[in-house]
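**Q** Next come a sequence and a model predicted from it.
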Amino acid sequence: MSSYGDDEIDDYAYGLDEAERAARPIVILTGLKRSGKTSIRKVVFQKMSPNETLFEESTARVTQDTVRSSFINFETVEFPGQLSPFDANTEDMFRRCGALLFIIDAQDDYTEAQKTMAQYFAQAYQINQNIKFEVFIHKVDGLPEESKLDTNFELFHKMKEDLSEQGLDKIMNTVSFHLTSIYDHSIFEAFSKVVQKLIKQLPTLERLLDIFNQSSNVEKSFLFDVVSKIYIATDSSPVEMATYELCCDMIDVTIDISAIYGSKNDGTSAFDEKSYAEIRLQTEQVLVLRQLSKHLALVCILRSENYEKKGLIEHNFNIFKMGIEKVFRVRKQMNSGIPHSNSSQVGSYQ
Ligand SMILES: Nc1nc2c(ncn2[C@@H]2O[C@H](COP(=O)(O)OP(=O)(O)OP(=O)(O)O)[C@@H](O)[C@H]2O)c(=O)[nH]1
């Protein structure tokens, strides 16, 4: 192993793209006034409680934030509803933009919002064809179940028509629609999907999670950025909202218990890179959380009869951890020009 590989794992600052630390990808939030942009940013990244957003004042200026103290590494830029993101000199920003979000208030008449959105997407596409376009059909907590899908359907078709008229149908291939609300986990789920598209190692992470699940009889597993509760990867089986919510709750419970009963003498939290927890559910399932690093945790759910061989899962977890470390180490080596040896061999699962 090279001396580079002998470094402490903490030295490997996991992130979206280490080579471009100075030029982190940008996630741009746009939408009409009062659509919910600031609330989304604050609830997801600043842990504001949804009820507190009721007192948020309208944003007057462009707000730029770096998402720190977590694994994910990007900037968010929010444009106030009254300002077009293309009025100012923003071409460079759009060149660095990884994802352009348009937030639509689904509780309001969205005709104007839909027109503005089609126009923004077309303009952004002229500057950077690699941008991922994300539509957040927001505040769906106030809508009956059937009208959520109708709204989604209608917006999709109107958007398609508008873009076809401009000869830009191909943009539709990169547009994703999400039904969101800050009052449940849907906003975290949607942001997880946005962030995953910015992570170049995603296919490898998915594959590693699949192998871990198969060899440990795990039903579903998520790789979480603990601070934001965004999952940066999951295995290839479909995500059920209820399972995702359970895993988020598991993180909250673990952090809270650590804070209440585990604070160290120096006042720092006991929740660290060695933390782990397990919770047995009435449904004969077990939730297991294992920290991989300061910021990343593997949270998985399995049937309790499959959790009898804990040693096997522990072994597979350690192999999985080594695999994750190698994925990011190799990426860092590639970016820094250091040659890397064959890293696909990460150990053998039992
Ligand atoms: N019901 C519901 N209300 C929400 C949701 N998200 C935001 N809101 C409310 O919508 C209002 C406007 O939210 P803001 O976050 O200030 O909207 P904004 O898009 O930043 O507005 P500007 O700064 O004027 O551009 C606030 O009263 C929020 O509490 C949601 O998911 N559901």
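**A** Now that the structure is in, tell me what you want to look at.

**Q** residues from this structure in reach of the ligand?
**A** Those residues of the chain that sit near the ligand, judged by Cβ under 6 Å from any ligand atom, are 31, 33-39, 53-54, 56, 58-59, 80-81, 138-139, 141-142, 181-183. The C-beta positions use only the backbone N, C-alpha and C, and glycine is treated the same way.

**Q** Report the buried members of the residues you listed.
**A** By neighbour count, with 16 or more other Cβ atoms under 10 Å, those hold 31, 35-39, 53, 59, 80-81, 138-139, 141, 181-182 as buried.

**Q** Now do the contacts for Pro61.
**A** Residue 61: Arg, not Pro. Pro80 (Cβ atoms under 8 Å, 6 or more residues apart in numbering).

**Q** What about it? Give its phi and psi, please.
**A** Main-chain torsions, Arg61, degrees, to the nearest 10: phi -120, psi 170.

**Q** Low-confidence bits of this protein, can you list those?
**A** Low-confidence regions of the chain, defined by pLDDT under 70, span residues 1-23, 68-70, 263-271, 330-350.

**Q** Just name whatever secondary elements the top helix by length along it is in contact with.
**A** Ordering each helix of the chain by length in residues (DSSP state H) puts helix 310-336 first. Contacts defined by 3 or more Cβ pairs under 8 Å, 6 or more residues apart in numbering; DSSP states H and E place helix 310-336 against helix 202-216, strand 296-303.

**Q** mind putting the ones you listed in CSV, mean neighbour count included?
**A** Putting the helices and strands packed on helix 310-336 into CSV (neighbours: other Cβ atoms under 10 Å) gives the following:
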stretch, mean neighbour count
helix 202-216, 18
strand 296-303, 22
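
**Q** how near is Thr151 to the ligand?
**A** 14 Å (Cβ to the nearest ligand atom, to the nearest Å).

**Q** what about that residue, which SS state?
**A** In three-state terms, and counting by DSSP: H, G, I helix; E, B strand; the rest coil, Thr151 is helix.

**Q** so who does it touch?
**A** With Cβ under 8 Å, 6+ apart, Thr151 has these contacts: Ala106, Tyr110, Ile137, Val140, Leu143.

**Q** and the end-to-end length of stretch 232-249?
**A** The first and final residues of stretch 232-249 sit 17 Å from each other (Cα to Cα, to the nearest Å).

**Q** Contacts for that stretch, please.
**A** 71-72, 184-186, 188-189, 192, 195-196, 199, 202, 205-206, 209-210, 212-213, 220-225, 229, 231, 281, 287, 296, 299, 301.
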